[in-house]
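> here is my input; please provide its structure:
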Amino acid sequence: MATYYWVGGTGTWDNVTNTNWASSSGGTGGVGVPTSVDDVFFDSNSNATAYTVTISSGATVCRSITVAGPASGNVTFTGSTAWSVYGNFTLPSSGITWSYSGTITFSATTTGWTITTNGIAIGSTALVFNGVGGGWTLGSALTSTSTVTFTNGTFNTGNYSCINGYWTNSGTGTNSIVLGSSTITITSTSGWNFSAPTGLTLNSGTSQINITGTGNFPGGGLTYYNVDRKSTRLNS
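Purely as a prediction, here's the structure:
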């Protein structure tokens with residue numbers, strides 16, 4: 001396992017370009033490219049002013065990622081290529097512009113990982129939880145306009161609110177969702193789509209599920225509490 005620090009400002013993050021990766025904060029780039037067991041940091045020494053990180057072609061991966069903004073301005077994350085994260089995912093509450101529109105797959109195979117966006121809406125970024133034996137807990141509210149898909153592992157809201165396009169499950173893997181006392185708001189026309197939840201356990205706790213889009217509410221025999229049916233096309 002290694003630790004990589006982004007340096008030199010604007011650049012491309014893929015599986016071959018090492019220009020912007022250093023082994024120490026503010027160090028010299030060119031030391032290598034992060035793998036699934038390596039942690040990456042973006043900090044105030046990554047650049048003094050605003051810069052852009054483009055998630056580009058190739059298998060972009062890391063274990064944990066921690067982002068802090070530059071001394072002035074914002075770091076912008078952009079691109080649409082798929083990205084896999086095998087550990088924690090932590091964004092700052094300021095100093096960042098999130099324009100990335102691809103899919104982040106959380107692929108950990110152990111538990112104890114956190115996802116903390118600190119109030120930053122991640123826009124059209126799709127999230128997939130697909131790590132056999134993996135476990136993730138929110139460290140802050142989660143807001144996006146795209147899909148959250150559950151395939152393998154355990155996802156715990158940490159009692160934080162979630163506002164997302166829609167939630168769904170995929171495949172026949174073993175996965176668990178723990179909602180606690182969270183308020184879950186689903187905004188897209190695809191609704192809350194768990195129509196064939198093979199291998200899925202959903203602990204709804206005392207959560208509130210709000211459907212504000214015009215999509216369906218298939219549940220596949222799951223039990224929900226405090227469902228606010230605001231859509232005109234909901235059915236169970």
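> least confident secondary structure element in the chain?
strand 227-229 (a mean of 45; mean pLDDT, DSSP states H and E).
> ok, then the element right after the lengthiest strand in the chain?
Secondary structure of the chain per DSSP state E: the longest strand is strand 126-138. In the C-terminal direction, the helix or strand that comes right after strand 126-138 (DSSP states H and E) is strand 142-143.
> who does that next one pair up with?
Neighbouring strands of strand 142-143 in its sheet, by DSSP bridges, are strand 162-164 (parallel).
> helices or strands up against the helix or strand just after the partner strand?
On the C-terminal side of strand 162-164, the nearest following helix or strand under DSSP H and E is strand 166-169. Counting contacts by 3 or more C-beta pairs under 8 Å, 6 or more residues apart in numbering; DSSP states H and E, the secondary-structure elements packed against strand 166-169 are strand 147-156, strand 183-186, strand 192-193. In this view, the C-beta of every residue, glycine as well, is placed from N, C-alpha and C.
> wait, which of these is closest to Thr17?
strand 147-156 (28.5 Å; C-beta to C-beta).
> okay, how far is it across stretch 77-86, tip to tip?
Counting by C-alpha to C-alpha, to the nearest Å, you get 19 Å between the two ends of stretch 77-86.
> give me the distance from that stretch to the chain's centre.
When distances are taken as C-alpha atoms, centre = their mean, to the nearest Å, stretch 77-86 is centred 10 Å away from the chain's centroid.
> need the helices and strands packed on strand 166-169 in a markdown table (columns: mean neighbour count, mean pLDDT and distance to Tyr166).
Formatted as a markdown table, the helices and strands packed on strand 166-169 follow (neighbours: other C-beta atoms under 10 Å; pLDDT from 0 to 100; distance: least, C-beta to C-beta, whole Å):
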| stretch | mean neighbour count | mean pLDDT | distance to Tyr166 |
| --- | --- | --- | --- |
| strand 147-156 | 22 | 95 | 6 |
| strand 183-186 | 21 | 90 | 5 |
| strand 192-193 | 24 | 78 | 6 |
